[in-house]
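Q: Fold the following.
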Amino acid sequence: MKNKILKEILDWTKAIGFALVLAFAIRHFVFATSIVEGTSMDPTLEDGERVMYNKFVYLVGEPERGDIVIIQRPTKNYVKRIIGLPGDTVEVSEDHSLYVNGKEVEQDYLNKQAIQGTFPFSEKEVPEDEYFVMGDNRIVSKDSRNGLGFINHDEVIGRSELVIFPFDELNWTR
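A: As a prediction, this is how the structure comes out:
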C-alpha cells in the first residue's frame, strides 16, 4: 500500500514537473504576451490590448513587409508594422502615398484618415540587418520616421499573432 502511494506521488510529481518544463519552454522559446501601450497602432491594435506574439517564427525565418512585430528596446517594448526590409528604399510622397523601392504600396489596413496623417518624407534606404517600421496611427506614432530610427534585426523579438485580451476583442492581428 505504501509503495503504491509513493509510486503515485512520484508519477504526479513527474507529470507536474514535465508540464512546468514544457510551459517554461513554450513561454521562453515559442509564445509570449505583450501589452499595447498607447494609440500608435490604432485601429489595428488598441491601447491596453494584450497580444500573443510568436518568438519562434523569426528563429526559422525573416520578418516580412507588413508583419506587426514586437521591438525590444532597453526601456520598453514597441509594437509596430514593418514597412521596409534591409536594402529597401522607403518614402512618402506629397500626396501621402507610400513607396517602397519606387513602387506604390497599398495600405489596405489603414483608413483614409491614417493615410492622410502620414507626413511626407524623402527616400530613405534601409541599412542591412535593419528594418523601417511605422505605427498604423501615423499621426501619433513614434517610429522609424521620428524617434525610433531603423530597427536592428536583433531588436525584433516576435511577430504579433493574436489579441487575447480583452476577451471580446479576441482576433488575429495579421
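Q: Any figure for the gap between the nearest residue to residue 117 once chain neighbours are set aside and residue 96?
A: Using Cβ to Cβ, 6 or more residues apart in numbering and skipping the chain neighbours, the partner closest in space to residue 117 is residue 139 (3.7 Å). From N, CA and C alone the C-beta is placed, and that goes for glycine too. Distance of residue 139 to residue 96, computed by Cβ to Cβ, to the nearest Å: 11 Å.
Q: overlap in contacts of those two?
A: residue 117 (Cβ atoms under 8 Å, 6 or more residues apart in numbering).
Q: so where is the protein shaky, pLDDT-wise?
A: Low-confidence segments of the chain, defined by pLDDT under 70: 1-2, 6, 14-15, 17-31, 162, 168, 170-172, 174.
Q: ok, which stretches of the chain are strands?
A: Ranges of strands in the chain, per DSSP state E, are 31-35, 50-54, 68-72, 77-84, 89-92, 98-100, 103-104, 121-125, 130-134, 151-152, 156-165, 171-172.
Q: Between those, which shows the greatest average number of neighbours?
A: strand 130-134 (a mean of 25; mean count of other Cβ atoms under 10 Å).
Q: How about residues contacting it?
A: If you take Cβ under 8 Å, 6+ apart as the criterion, strand 130-134 is touched by 63, 69, 71, 78, 80-86, 88, 90, 118, 124, 126, 141, 143-145, 148, 150-153, 156.
Q: Let's see that with 6 Å instead.
A: 80, 82-84, 90, 126, 143-144, 150-152 (Cβ atoms under 6 Å, 6 or more residues apart in numbering).
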